[in-house]
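Asker: here is my input; please provide its structure:
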Amino acid sequence: MTTKQITGWTTLAVLLLVVVVDVYMAIHGKELISHVMLQAAQKHPILAVLVGILIGHLFWPQGCQ
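Answerer: Numbering: from 1, shown residues only. Predicted structure coming up:
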C-alpha cells in the first residue's frame, strides 16, 4: 500500500469516526462536536487559527502528482 493510499484511508476513517460520534451524540441529546469546537474556539481563539493553518497546509498545492 502506498503512502497516498494510507493517507486517504486514514483520512476517510477519521472523518467517518467523527460522523459516527456526532450522530451518536445527537441521538443521545449530547452536545455535537461542532458545538464543543465552537465553544473551545471562542474561549481560546488560537485554536481556530491553528485549525485554519492545518487545513490550509493540507489543501495548499504542493506540486504532487
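Asker: quick one, grab the pLDDT at the residue nearest the centre of the chain.
Answerer: Of all residues in the chain, the one closest to the mean position by Cα atoms, centre = their mean is Leu15, 6.8 Å from it. On pLDDT, Leu15 comes in at 93.
Asker: next, the contact list for it, please.
Answerer: Listed by Cβ atoms under 8 Å, 6 or more residues apart in numbering, the contact set of Leu15 is empty. Where you see a C-beta, it was placed from the backbone N, CA and C, and this is true even at glycine.
Asker: in the helix or strand harbouring it, what counts as buried?
Answerer: Using DSSP states H and E, Leu15 sits in helix 3-27. The neighbour-count check on helix 3-27 (16 or more other Cβ atoms under 10 Å) flags nothing as buried.
Asker: mind checking how far it is from the chain centre?
Answerer: The chain centroid and the centroid of helix 3-27 are separated by 9 Å under Cα atoms, centre = their mean, to the nearest Å.
Asker: what of stretch 22-31?
Answerer: Here the centre of stretch 22-31 is set off from its chain's centre by 17 Å, with Cα atoms, centre = their mean.
Asker: can you tell me the distance between the two ends of it?
Answerer: 9 Å (Cα to Cα, to the nearest Å).
Asker: could you give me the average pLDDT of that stretch?
Answerer: On average, stretch 22-31 scores 95.
Asker: sorry, back to before: after the helix holding Leu15, next one along is what?
Answerer: By DSSP H and E, the next helix or strand past helix 3-27 is helix 33-43.
Asker: make sure Leu32 is actually in contact with Val21.
Answerer: No - counting by Cβ atoms under 8 Å, Leu32 does not reach Val21; the two are 9.3 Å apart.
Asker: between the helix holding Leu15 and helix 33-43, how big is the angle?
Answerer: 90 degrees (axes from the mean of the first three to the mean of the last three Cα atoms, to 10 degrees).
Asker: Met25 reaches Val36, doesn't it?
Answerer: No - judged on Cβ under 8 Å, Met25 makes no contact with Val36 at a distance of 9.0 Å.
Asker: kind regards, and thank you for your time.
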